[in-house]
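K.L.:
fold the following for me, if possible:
(one chain, ligands or ions: 1)
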Amino acid sequence: MGCTWDQSFLEKSSWKADLFKGKVAFVTGGAGTICRVQVEALVLLGCKVAIIGRNKEKTDTAAKEIAQLVGGDVVLPISGVDVREFKQLESAVNQTVQAFGRIDFVIAGAAGNFICDFNHLSANAFKSVVSIDLLGSFNTAKAAMPELIKTKGSILFVSATFHYYGVPYQSHVGAAKAGIDALSNSLAVEMGPFGVRSNCIAPGAISGTEGFDRLIGGADRKKTLSRIPLQRLGTTEDIANSTVYLFSPASSYVSGTIHIVDGGAWHVGTHFSHELYPDLLFKDPKITSKL
Ligand code: COA
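P.N.:
Alright, predicted model coming up:
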């Protein structure tokens, strides 16, 4: 997909160059749309990053492109890792420490989603999403925590705002993200005494993401945007800027929060999939599953 940012980030952004010099991040889903831009920001600010993914070509290409932003071997691609498999994450953590010596920041960003109503959602489909999103987040935290304790580091889970309401066609994701929020809150309490902070970031409607394109379906974009208090879609840069804040010393007393980046949208209800409601419930399952 190419890099979203370049060196001008250092001149235009609110952050100072070298903010994360000497720091190392471990990011699952780091080649994906949102997490990739989080990684770009960290790298531009001096961090070294391991990006963890399933697909070798996608992970290697993203690592190469992001590293070119600053030059040098600052991005380590680790592919063939399924976050549902704890041992694979443990090995990825070891490879990161071997290459970069430490882990200060973790982003549990790997996620899977599709639109599906409850009547057509199989038990295996539910299990698959909960396993990637919730179990995968647990596995990531579990594997990396010993390193975070050593560095008094910080973990950031990628959540959502779906579960604040009964959003249709997202029962599987809503259940998983609610679990992630609960996991992060408990870690903030249990790991605080070890100096480790734990927070969630909850993106709203972010442009250019697969998830948003699917949720909005054929709905009128202009009408959808008008329902967001800030009258625009979010961007991957918005999520990355909040990520920088949550890892920076500026947030050193911030733990156990759900940091919502949605232009105020959840206060008026997450309407997006409502455009498909209730008609989608009565459609042929073969059509539903292709959404
Ligand atoms: N609608 C309904 N059920 C679906 C589905 C869809 N669009 N996609 C997958 N499933 C079901 C499968 O049918 C299967 O259930 P079954 O055994 O009862 O038939 C179950 O989910 C697991 O499917 P599988 O293909 O083995 O998935 P996986 O575990 O390898 O991966 C996803 C799951 C979510 C990653 C995969 O569906 C996917 O690639 N989604 C789109 C990409 C994506 O999620 N990107 C991230 C956006 S946040």
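K.L.:
tell me who's in contact with residue 277.
P.N.:
For residue 277, the contact set (Cβ atoms under 8 Å, 6 or more residues apart in numbering) comprises 168, 169. Backbone N, C-alpha and C define where each C-beta goes, glycine included.
K.L.:
any idea how far it is from the ligand?
P.N.:
Residue 277 sits 16 Å away from the ligand, going by Cβ to the nearest ligand atom, to the nearest Å.
K.L.:
ok, that residue to residue 269 distance?
P.N.:
Using Cβ to Cβ, to the nearest Å, we find residue 277 at a distance of 12 Å from residue 269.
K.L.:
now residue 65
P.N.:
Counting by Cβ to Cβ - residue 65 and residue 269 are separated by 38 Å.
K.L.:
please apply the same query to residue 227.
P.N.:
8 Å.
K.L.:
who's more crowded, those two?
P.N.:
Remark: of residue 227 and residue 269, residue 227 carries more neighbours, 16 against 13, as counted by other Cβ atoms under 10 Å.
K.L.:
phi, psi for that one please.
P.N.:
Dihedral pair for residue 227: phi -90, psi -10, per degrees, to the nearest 10.
K.L.:
go on, residue 255?
P.N.:
Dihedral pair for residue 255: phi -150, psi 150, per degrees, to the nearest 10.
K.L.:
that one against residue 197, yeah?
P.N.:
Yes: in this structure, residue 255 is within contact of residue 197 by Cβ atoms under 8 Å, at 4.1 Å.
K.L.:
spit out the residues that contact those two alike.
P.N.:
By Cβ under 8 Å, 6+ apart, residue 255 and residue 197 have these common neighbours: residue 188.
K.L.:
show me which of the two is the more surrounded one.
P.N.:
Between residue 255 and residue 197, counting by other Cβ under 10 Å, residue 197 is the more crowded of the two (24 against 20).
K.L.:
next, give phi and psi for that one.
P.N.:
Residue 197 adopts backbone torsions of phi -100, psi 150, taken as degrees, to the nearest 10.
K.L.:
show me what it is bridged to.
P.N.:
Beta-bridge pairing for residue 197 (DSSP bridges): residue 154.
K.L.:
tell me the contacts of residue 20?
P.N.:
42, 45, 46, 47, 104, 105, 247, 248 are the contacts of residue 20 under Cβ under 8 Å, 6+ apart.
K.L.:
correct me if wrong: the last one contacts residue 19.
P.N.:
Yes: between residue 248 and residue 19 there is a contact at 6.1 Å, judged by Cβ under 8 Å.
K.L.:
neighbour count: those two, which is higher?
P.N.:
Each of residue 248 and residue 19 has its neighbours counted (other Cβ under 10 Å); residue 19 has more, 20 against 17.
K.L.:
how about the strands of the stretch 51-200 of the chain, start to end?
P.N.:
75-78, 105-108, 154-158, 197-203 (DSSP state E, counting those that start in this stretch).
K.L.:
can I get those strands in CSV with mean pLDDT and distance to the ligand?
P.N.:
CSV is the format used below for the strands of the stretch 51-200 of the chain (pLDDT from 0 to 100; distance: least, Cβ to the nearest ligand atom, whole Å):
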stretch, mean pLDDT, distance to the ligand
strand 75-78, 98, 18
strand 105-108, 98, 13
strand 154-158, 98, 9
strand 197-203, 98, 10
